[in-house]
Each structure stands twice: as C-alpha cells, then as structure tokens.
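Chemist: Here you go, sequence then predicted model.
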Amino acid sequence: MKESKYNPGLVSVSFRQLDPRTIIEAARAAGLSCIEWGSDIHAPCRGAERLREIAALQAEYGIACSSYGTYFRLGETPAEELEDYIQAAKLLGTDILRLWCGRKSGKDMTDAEKNGFFEVCRRAADIAENNGVTLCMECHRGTFTEDPDDAVHLMETVNSPNFRMYWQPFQWQSAEQNVENAKKIAPFAECVHVFNWKGDRKLPLADAACEWREYIKAFFAPRTLLLEFMPNGTLEELAGEAAALKNIIGENI
C-alpha cells in the first residue's frame with residue numbers, strides 16, 4: 001500500500017468518560033495512528049505521572065500523540081502557565097498544542113483591543129519558539145479565529161512558524177462555504193478536526209464523504225485528520241467512523 005499523505009487519528013475528548021488505555025486500544029483496533037489528548041480530563045498539564053503513563057501506553061500500542069488539546073485561552077489564562085502545558089505536551093511526545101484564541105470574535109473587538117490581543121499572541125509565539133513547539137488556534141465560535149478572514153489576518157500579523165491553525169467545518173454553513181474557508185486556512189493549518197454535523201445534529205461521517213473529499217483537497221500533505229466526537233457518543237461507533245475516514249482519504253483498514 002502506498003504511503004498516505006494524511007495521518008488519521010482521534011481526539012480523546014470524544015470519549016471523556018473512558019480511560020486512556022481503553023481509548024488507545026480502540027484507536028489501534030480501528031486502524032488509527034494517533035491521538036490528540038485533552039488536558040481537561042485525560043491528560044492534565046500538571047499530572048506528570050498520568051502523562052508518563054499515557055506515553056508508555058502509546059509506545060506499547062504503537063500509537064503516537066498527534067497533539068495536545070489544551071484549554072489554555074490566550075488573553076485570559078495567565079501567560080506563565082503556558083510553559084506548564086508545553087512541558088506536558090513534551091511528556092506526551094508531541095510538539096503541537098491546540099489553544100483557544102481569546103473569548104471574542106474579531107468582529108466584536110475595537111482596534112485597540114485587537115492590537116492588544118495581537119501582542120498577547122506574539123508573546124505566546126515567542127514562548128513557543130523558545131521551547132521548540134507550535135501553538136495552533138482552533139476555528140471555534142466565540143473566539144478570534146471563528147471567522148476565517150480574521151484567522152488569516154491574525155496568522156499574517158503574528159507571522160511565526162510557531163503560531164498556526166487548526167481547521168474544522170462550520171456546521172451552520174454550506175459545504176461550498178466550508179470549502180472556501182478551508183482554502184483560506186489551509187496555508188496555516190497543522191491539523192483538521194473531522195466530523196459530520198448539520199446544525200446541532202451529529203451524523204455519520206460516511207454521509208458526508210463527498211463533502212470531506214473536497215475539504216481535504218485544500219490541505220497540503222502531510223496533514224493530521226482527527227475524528228472528533230461520534231454521532232451518538234459511543235465507543236462502538238469508532239470503527240465505522242474510522243473506516244469512513246480511511247475511505248475518504250483512499251485507504252482500507
């Protein structure tokens with residue numbers, strides 16, 4: 001089989017109720033290669049013993065840590081705590097951290113607020129560079145990067161290889177709009193969160209296979225594609241969702 005240009009994985013917060021070993025076993029059985037661990041439940045940043053246990057389980061099962069899904073919020077979480085998260089990421093074996101980009105849309109900020117926020121982001125990028133890691137912003141509602149144009153403006157303003165983006169489709173927009181958004185974010189993107197949501201409904205990924213084939217065409221290889229949440233939240237669905245993702249990227253499990 002030829003080597004894939006995409007790296008299929010799972011976001012651990014899809015199964016907050018389960019322990020890391022169970023998640024790793026299921027990911028391995030589903031043919032996934034990596035996991036993004038969430039700092040809220042599974043991998044707390046000050047829980048060094050737990051982090052080392054997860055790293056050992058990854059080595060045992062041949063699963064990599066794609067990224068560290070933190071709930072560090074730029075402009076709100078004290079900046080001095082960022083290095084705690086960076087050290088936690090390194091214990092897990094990754095140099096990519098997902099952060100939340102403030103608490104306001106750029107559309108709701110004054111120019112003075114934007115300039116202040118950009119400086120916060122530049123300082124965070126400097127910390128990342130000094131520690132050899134990359135900070136990635138999520139396209140999340142209620143944050144500065146909820147709008148792709150604002151996200152691109154932020155990336156260009158900070159202008160650092162250590163300050164990057166994630167991408168995910170916006171479930172309230174059309175597939176055509178999401179394709180255009182993906183093309184805007186793609187030059188700055190490290191990881192993609194994968195799901196099939198229509199409004200507030202979570203649906204099987206296979207039902208959106210055509211849409212997702214168009215989405216991932218926008219992203220340069222290699223890129224990590226991480227399944228986020230199951231249609232009904234159950235572990236039993238993971239194998240089917242992973243099979244759908246592999247089908248979309250042209251691989252068989």
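Modeler: Nice, I can see it. Numbers count the residues shown, from 1 in each chain.

Chemist: Look up how far residue 122 lies from the residue of the chain most remote from its centre.
Modeler: In the chain, the residue that sits farthest from the middle, by Cα atoms, centre = their mean, is residue 112; the gap is 29.2 Å. Counting by Cβ to Cβ, to the nearest Å, the gap between residue 112 and residue 122 amounts to 16 Å. Where you see a C-beta, it was placed from the backbone N, CA and C, and this is true even at glycine.

Chemist: coming back round to it: in terms of helices and strands, where is the residue farthest from the centre of the chain?
Modeler: helix 111-131 (DSSP states H and E).

Chemist: Which strands and helices lie in contact with that helix?
Modeler: helix 82-92, strand 134-137, helix 148-158, strand 163-167 (3 or more Cβ pairs under 8 Å, 6 or more residues apart in numbering; DSSP states H and E).

Chemist: Does the second one pack against any helices or strands, and if so which?
Modeler: Secondary-structure packing of strand 134-137 (3+ Cβ pairs under 8 Å, 6+ apart): strand 96-100, helix 111-131, strand 163-167, strand 189-194.

Chemist: how about the first one as CSV, C-alpha atoms only?
Modeler: In this case it means strand 96-100. Only the C-alpha atoms of strand 96-100 are listed here, as CSV (Å, rounded to 0.1, in the frame of the first residue of the first chain):
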residue,chain,number,x,y,z
ILE,A,96,1.8,20.7,18.7
LEU,A,97,-0.5,22.3,21.2
ARG,A,98,-4.1,23.4,20.5
LEU,A,99,-5.1,26.6,22.2
TRP,A,100,-8.3,28.7,22.4
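
Chemist: Number of residues surrounding the nearest residue to residue 200 once chain neighbours are set aside?
Modeler: Counting by Cβ to Cβ, 6 or more residues apart in numbering, residue 200 lies nearest to residue 171, which is 7.6 Å off, once chain neighbours are set aside. Neighbourhood size, residue 171 [other Cβ atoms under 10 Å]: 16.

Chemist: How about the secondary structure of residue 171?
Modeler: coil (DSSP: H, G, I helix; E, B strand; the rest coil).

Chemist: quick one, what contacts it?
Modeler: 197, 198, 199, 200 (Cβ atoms under 8 Å, 6 or more residues apart in numbering).

Chemist: Buried ones in the lengthiest strand in the chain, by neighbour count?
Modeler: In the chain, assigned by DSSP state E, the strand with the most residues is strand 64-73. Residues of strand 64-73 classed as buried by neighbour count (16 or more other Cβ atoms under 10 Å): 64, 65, 66, 67, 68, 69, 70, 72.

Chemist: Quick one: the residues you listed as CSV, columns for pLDDT and distance to residue 135 too.
Modeler: Listed next are these as CSV, based on pLDDT from 0 to 100; distance: Cβ to Cβ, whole Å:
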residue, pLDDT, distance to residue 135
64, 98, 19
65, 98, 16
66, 98, 15
67, 98, 11
68, 98, 10
69, 98, 12
70, 97, 9
72, 97, 9
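
Chemist: What is the nearest of these to residue 103?
Modeler: residue 72 (12.3 Å; Cβ to Cβ).

Chemist: I'd say that closest one and residue 99 touch.
Modeler: Yes: at 5.0 Å, residue 72 and residue 99 qualify as touching, with contact defined as Cβ atoms under 8 Å.

Chemist: what number of residues lie near residue 78?
Modeler: Using other Cβ under 10 Å: residue 78 sits among 8 other residues.

Chemist: How about residue 107?
Modeler: Residues near residue 107, counting by other Cβ under 10 Å, number 10.

Chemist: and the gap between it and residue 100?
Modeler: 17 Å.

Chemist: Nice, that's everything, thank you.
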